[in-house]
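J.: Let's see this in three dimensions:
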Amino acid sequence: MAKHLTKRDVEAILNIIHGHDNDKLTWEGICEGSEEVVGKKPTRQSLYANEKIRDAYKAKKFSLKVKGLTKPKPSSLNAAADRIARLQSEVDTLKMKNDALLEKFVIWQYNSYKYGVKEHQLNEPLPRIDRERTE
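T.: From the prediction side, this is the model:
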């Protein structure tokens with residue numbers, strides 16, 4: 001049975017996924033790469049069970065498929081440093097927005113429970129818009 005992954009282990013595995021730079025990203029490769037960090041080779045299933053790791057893997061696979069392997073080459077170290085600072089700022093902003101959305105979701109979840117709204121009601125699809133109709 002695979003070792004339970006700690007928060008530190010998950011962050012290290014996420015860094016492995018984000019740092020992956022060739023087109024051959026596989027679960028087996030991540031398992032082998034994370035063996036040094038975790039101390040024991042985790043199974044693909046245990047990695048896939050973690051939502052953060054699964055989402056990072058899917059995003060990286062999509063990124064590799066869409067963007068290919070072309071890395072932008074900065075003209076100088078100053079340009080690279082500026083780009084890194086801008087991207088880090090963008091990442092921080094997106095993390096803050098994500099945290100705010102997660103917090104809002106928890107509030108909605110509590111209020112839906114409090115007022116008796118059922119999950120199937122929340123998951124109902126939006127009504128179709130009839131563009132042919134004139135009123």
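J.: Show me how the record splits the chain into domains.
T.: The record's domain parsing of the chain by automatic domain parsing lists 1-71, 72-125.
J.: Can you check which of the ones you listed gets nearest to Thr134?
T.: Across the domains of the chain, Thr134 has its closest neighbour in domain 72-125 (24.2 Å, Cβ to Cβ). Just so you know, the C-beta spots here come from the backbone N, C-alpha and C atoms, and that holds for glycine as well.
J.: mean confidence for the closest one?
T.: Mean per-residue pLDDT for domain 72-125: 91.
J.: can you put the domains of the chain in a markdown table and add mean neighbour count and distance to Thr134?
T.: Written out in a markdown table, the entries for the domains of the chain read as follows (neighbours: other Cβ atoms under 10 Å; distance: least, Cβ to Cβ, whole Å):
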| stretch | mean neighbour count | distance to Thr134 |
| --- | --- | --- |
| domain 1-71 | 14 | 41 |
| domain 72-125 | 10 | 24 |
